[in-house]
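Q: with the input below, show me the fold.
(2 chains)
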Number of protein chains: 2
Amino acid sequence: MKDFFKVADLESVLEYAYDFPRVETEEVLLYKSSQRILAADIISEADLPDFARSTMDGYAVRASSTFGITEENPAYLTVKGSVVMGKSPPFSIGQGEAAGISTGGMMPDGADSVVMIEYTELIDETTIEVYKSVAPGRHVVEVGEDFCRGETILSNGQKLRPQETGLLAAFGKERVRVYKKPVIGIISTGDEVVPIDKSPGPGQIRDVNTYTLSSLVQEAGGIPVSFGIIQDDYDSLFTACSLALDQSDMVLISGGSSVGARDFTIDALSALPESKILAHGISISPGKPTILARAAGKPLWGLPGHVVSAIIVFSNVVRPFIEHIGGLSIQNKKIVASALLTRNIPSAQGRIDYVRVRLIEKDGALWAEPIFGKSGLINTMVKADGLVAIGINTEGIDKGKKVSVIPL
Amino acid sequence: MKDFFKVADLESVLEYAYDFPRVETEEVLLYKSSQRILAADIISEADLPDFARSTMDGYAVRASSTFGITEENPAYLTVKGSVVMGKSPPFSIGQGEAAGISTGGMMPDGADSVVMIEYTELIDETTIEVYKSVAPGRHVVEVGEDFCRGETILSNGQKLRPQETGLLAAFGKERVRVYKKPVIGIISTGDEVVPIDKSPGPGQIRDVNTYTLSSLVQEAGGIPVSFGIIQDDYDSLFTACSLALDQSDMVLISGGSSVGARDFTIDALSALPESKILAHGISISPGKPTILARAAGKPLWGLPGHVVSAIIVFSNVVRPFIEHIGGLSIQNKKIVASALLTRNIPSAQGRIDYVRVRLIEKDGALWAEPIFGKSGLINTMVKADGLVAIGINTEGIDKGKKVSVIPL
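A: Purely as a prediction, here's the structure:
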C-alpha cells in the first residue's frame, strides 16, 4: 500500500499564498479597468471639487441675509444675475443680494449657501422673496470637501469598482496602472478523459474540468490557458507541467485522482526546477487529496478529478492564491450572507466539511437546504446556490441554526 | 415655478421592465460563455454518466461476496484483473470475484460495488483479503445518476456559472446559444462637463458619470457605448438621444440635474418616435428626479447628475431592466447579507431611503456603519461596502437592528 498523505490544515495552506510574488503591472485605459487591481497608490493632484458648487437649484446667498426670516416675515433680496453652468460668475454677492444658480453651478464670491427655489418667489426681474433662512454652507459642496490635494485617494491592491473608476475619471486619469491578470495554466489528466468535441467511448468521459476551471479562473480575475488533456504517464505529465510552468503564473493539474495518477503528479511536480511539495492533502472534505507545490517560485496544484471537489477546492483554497499573486490586498466587500439550516448536518471532526446548499425563502427567512450527493455528480453543484463550511472542531450543525453561506 | 414631478413608487417602476422585449440571441463558444445568459432549454441527449463508474480506488465486487465479513473473519476473493481507465473491462465479475479499479474506472459487468483499497490486502497475484462488507451500489455512480437522457438540464434564462459550463462540457456542447449582451448607450449632459483628458476650467468638472456608468453596465452584463458629452440644449440632446436609441437596446442620459436641463431631457424624450414618459420621479432617495421613458419599444432613462445618486439608481432600478432585456429570468443567487446597525438611521416616510454603509467586524459580528454625506461626494461611495434600504413606510431603523446589505 501507498503512503498515506501528510495532510495540512486549510489555514496553513492559505498562509503559503504570501510566499509567492505578485505578477507584473501594466498600464490600461481607464474605460477598460473595470474590476482590475490597482498597482499604485493614487494621490490627488487637486482639490475635488476645486470650486464651491451648489447641490440644489435655487439662489446663492450670504446666509446672514436670511437670518431670522420666516414665511410670515420674508426677506427681499436683490438678484445680481444667474450663474452660467461651467463658467465662473462675473459678479460677487454681498449682504442682501442673491444669484440664480443650478445644481452643480459655481458659487459666486461672497455667497456661502443656497436657498432652494421652493422657498423663494420671483417678485420682479431683480428681486426675490425668501421664506426660509439657511445656515452657512447649506446646499454647497466646499472646495476639497470630497478629496483634498495630496490625499491618498486609492491604494495599491484595491479592486476598481464603478465608483473607483468614476473617482479616477474625476482626476483625469485616462490610464491607470494595474496588476496584469495572472495567467493560470490548466492541465487535465486521465486516460479516460476525451476532448468535448469527441464522443466518449465505453469508460470514457468528456473533459469537464478544463471548462469548469477556466470559468472559475476568469471569475477570479485570471486568464485561463489550457494545456490540453494529458494521459496518465509520468513523461507526458512532466513535459506538460514544465511547459505550463514556463508559460503561466500558476498551474492547475486536475484529475489524476487514482492512486497511480496521484503518484505521477507528485513525481512530476517533484522533478520540476527548485520544486518543493508544500501540502500533500488538505484537511477539508471534499478536496482532501489536493496537492500544493512550488516550482520556479510559482504555485502548482494537483486538484481532485471530481468536478464538485475541484470547484470547492478552487473557491476556498486556490482562489485566494490567484487574488494574492494578482495583486489584491484590500478586500472591499466583507459581505457574508447567512441562512438557517433546514436540517441537521453531521460532520467529522478534524476537517472542514463543505456542504452544498440550496437557498429557499420561507416564512420571511432565508433557509439553507443541504444537498447531499457524491462529489462525482455535477447536478448537486448546478442545484447549489452556495456552500456552508463546518469547522474543523465541530461535529455537525443542528437544524434551525444560523450559518454563513459562501456564494457559488 | 415648474410643475412638481409625478412621482412613481419603486415597485411600479420595476414592473415596467417586463414590458420590454428581450434582446436577440447568438451562438458562442462554450469557453467564452462564462456569466452569459442561456437562451434555450438544454435537454440531455444521453445518460450522465453513461456507464457505471467507481468513485474510489479499490476493488469492484458483488456486494453479496462481502456480506457478513469482518476484520476477524475476512473474505478471500479471486482477482480477475484490473480495469484499465477509459476502457471497457474485458471480463465480468461473479460471486467471490474482484477486479482492481481506480476512481473513475468503468465497473465490470456483474460488479455492483467497490471495496476501498484501505480495507483489502493483496495476498498473491490473484487473491485479495477483504476486511469490510459493502452494500450494493457503494462507491459507485450508476448510469444516469447525475442526469438522465431526456431531462431538462439547464433552462432558458439561466446565468452560466462555472458548474453550468462544466455540465455543458459533459454533454459535448462546444457552442451554446445565449442572449446577446444588451448594448447600453450612455449620454452625459451638462454645459459644465468636460472630457476627462481636459483640464476643467473654473466651474467645470470632468465627465465622471460616463466612466462610472460604463463600469456598472459591464458588471450588469451589458456593453456600454458612449455617445459623448452633450451640451444643455434641446437640439443637441434630441439628436444624441435619437442616435443612441437607434444604436442601443437601452439609453442612459445622466446629468441634466438642473431644472432647465431636466426640462430638455423630458422634451427630448417626449419627441422620440412612439415615446411615452413612464415615470417622472421615483419615490427613492437619493435618486428621486429619475425619469423613465419608452421610445421605439426601448427604455430610456434620465439619471441624476450626482454620481452617488446615479450609482444607487443604477443598482436598484436600472440593473433589473438590463438583466430582463438581457434574458435573465432565473436568479441563482438569492444570497442576502445582513449586518447590525452601529447607530440609528432616520428616514422620511413615503420613499425608500438608500443609506451607504461601511461594514466592520466587531465582537464576532458584522456591523453596518452608515456613511452620511452629500450625494455629490464620490468619497462616500468609495468608502462604502454596500447599501441599506429603508422601506417606504419606515421612519427609521434603530441602532443594533439587523439590516440587509445590498453589495456595491
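Q: the closest residue to A:Ile43 other than its chain neighbours: what's it in contact with?
A: Among residues not flanking A:Ile43 along the chain, A:Thr152 sits closest, at 5.8 Å (CB to CB, 6 or more residues apart in numbering or on different chains). Yep, even glycine has a C-beta here, placed from its N, CA and C like the rest. Residues in contact with A:Thr152 (CB atoms under 8 Å, 6 or more residues apart in numbering or on different chains) are A:41-43.
Q: can you pick the most crowded of those residues?
A: A:Ile42 (20 neighbours; other CB atoms under 10 Å in any protein chain shown).
Q: bridging residues for that one?
A: A:Leu154 (DSSP bridges).
Q: now do the same contact list for the most centrally placed residue in chain A.
A: Geometric centre of chain A, nearest residue: A:Lys159, 6.3 Å, by CA atoms, centre = their mean. Contact analysis of A:Lys159 by CB under 8 Å, 6+ apart lists A:35-38, A:328, A:330, A:332.
Q: could these go into JSON lines alongside distance to chain B and neighbour count?
A: JSON lines is the format used below for these (distance: CB to the nearest CB, whole Å; neighbours: other CB atoms under 10 Å in any protein chain shown):
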{"residue": "A:Gln35", "distance to chain B": "7", "neighbour count": "16"}
{"residue": "A:Arg36", "distance to chain B": "10", "neighbour count": "23"}
{"residue": "A:Ile37", "distance to chain B": "14", "neighbour count": "24"}
{"residue": "A:Leu38", "distance to chain B": "12", "neighbour count": "25"}
{"residue": "A:Leu328", "distance to chain B": "15", "neighbour count": "20"}
{"residue": "A:Ile330", "distance to chain B": "12", "neighbour count": "13"}
{"residue": "A:Asn332", "distance to chain B": "6", "neighbour count": "21"}
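Q: from those residues, which has minimum pLDDT?
A: Ranked by pLDDT, the contacts of A:Lys159 bottom out at A:Asn332, which has 59.
Q: that older thread, look up how far A:Val225 lies from the residue nearest to the centre of chain A.
A: Separation of A:Lys159 from A:Val225 (CB to CB, to the nearest Å) stands at 23 Å.
Q: where's A:Ala268 relative to chain B, distance?
A: 17 Å (CB to the nearest CB, to the nearest Å).
Q: residues in contact with the strand or helix carrying that residue: which ones?
A: Using DSSP states H and E, A:Ala268 falls within helix A:259-271. Around helix A:259-271, the neighbours that count as contacts under CB under 8 Å, 6+ apart are A:2, A:189-190, A:232-234, A:237-238, A:241, A:253, A:255-256, A:275, A:277, A:280, A:289, A:291, A:293, A:295, A:300, A:302, B:57, B:102, B:117.
Q: my guess is A:Gln140 contacts A:Thr55, does it?
A: In this structure residue A:140 is Val, not Gln. Yes. Counting by CB atoms under 8 Å, A:Val140 does reach A:Thr55; the two are 6.8 Å apart.
Q: who has more neighbours, those two?
A: When neighbours are counted by other CB under 10 Å, A:Val140 and A:Thr55 differ, and A:Val140 comes out ahead with 24 against 20.
Q: check the more buried one and give its pLDDT.
A: 96.
Q: quick one, phi psi at the closest residue to it other than its chain neighbours?
A: Leaving aside its chain neighbours, A:Val140 sits nearest to A:Ala52 (5.5 Å; criterion: CB to CB, 6+ apart). Main-chain dihedrals, A:Ala52, degrees, to the nearest 10: phi -70, psi 130.
Q: swap in A:Thr55?
A: Dihedral angles (degrees, to the nearest 10) for A:Thr55: phi -110, psi 10.
Q: out of the contacts of helix A:259-271, which are inside helices?
A: A:234, A:237-238, A:241 (DSSP state H).
Q: which stretches of chain A form helices?
A: Ranges of helices in chain A, per DSSP H, are A:10-15, A:162-170, A:208-219, A:234-247, A:259-271, A:307-313, A:319-325, A:379-383.
Q: how about those helices in a markdown table, adding mean neighbour count and mean pLDDT?
A: Formatted as a markdown table, these follow (neighbours: other CB atoms under 10 Å in any protein chain shown; pLDDT from 0 to 100):
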| stretch | mean neighbour count | mean pLDDT |
| --- | --- | --- |
| helix A:10-15 | 15 | 95 |
| helix A:162-170 | 26 | 95 |
| helix A:208-219 | 26 | 97 |
| helix A:234-247 | 18 | 97 |
| helix A:259-271 | 20 | 85 |
| helix A:307-313 | 27 | 93 |
| helix A:319-325 | 21 | 97 |
| helix A:379-383 | 20 | 89 |
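Q: with distance to A:Gly68 added, can I get these in JSON lines?
A: Formatted as JSON lines, the helices of chain A follow (distance: least, CB to CB, whole Å):
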{"stretch": "helix A:10-15", "distance to A:Gly68": "64"}
{"stretch": "helix A:162-170", "distance to A:Gly68": "39"}
{"stretch": "helix A:208-219", "distance to A:Gly68": "61"}
{"stretch": "helix A:234-247", "distance to A:Gly68": "76"}
{"stretch": "helix A:259-271", "distance to A:Gly68": "81"}
{"stretch": "helix A:307-313", "distance to A:Gly68": "69"}
{"stretch": "helix A:319-325", "distance to A:Gly68": "59"}
{"stretch": "helix A:379-383", "distance to A:Gly68": "68"}
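Q: centre of the chain versus the helix holding A:Ala268, how much separation?
A: 34 Å (CA atoms, centre = their mean, to the nearest Å).
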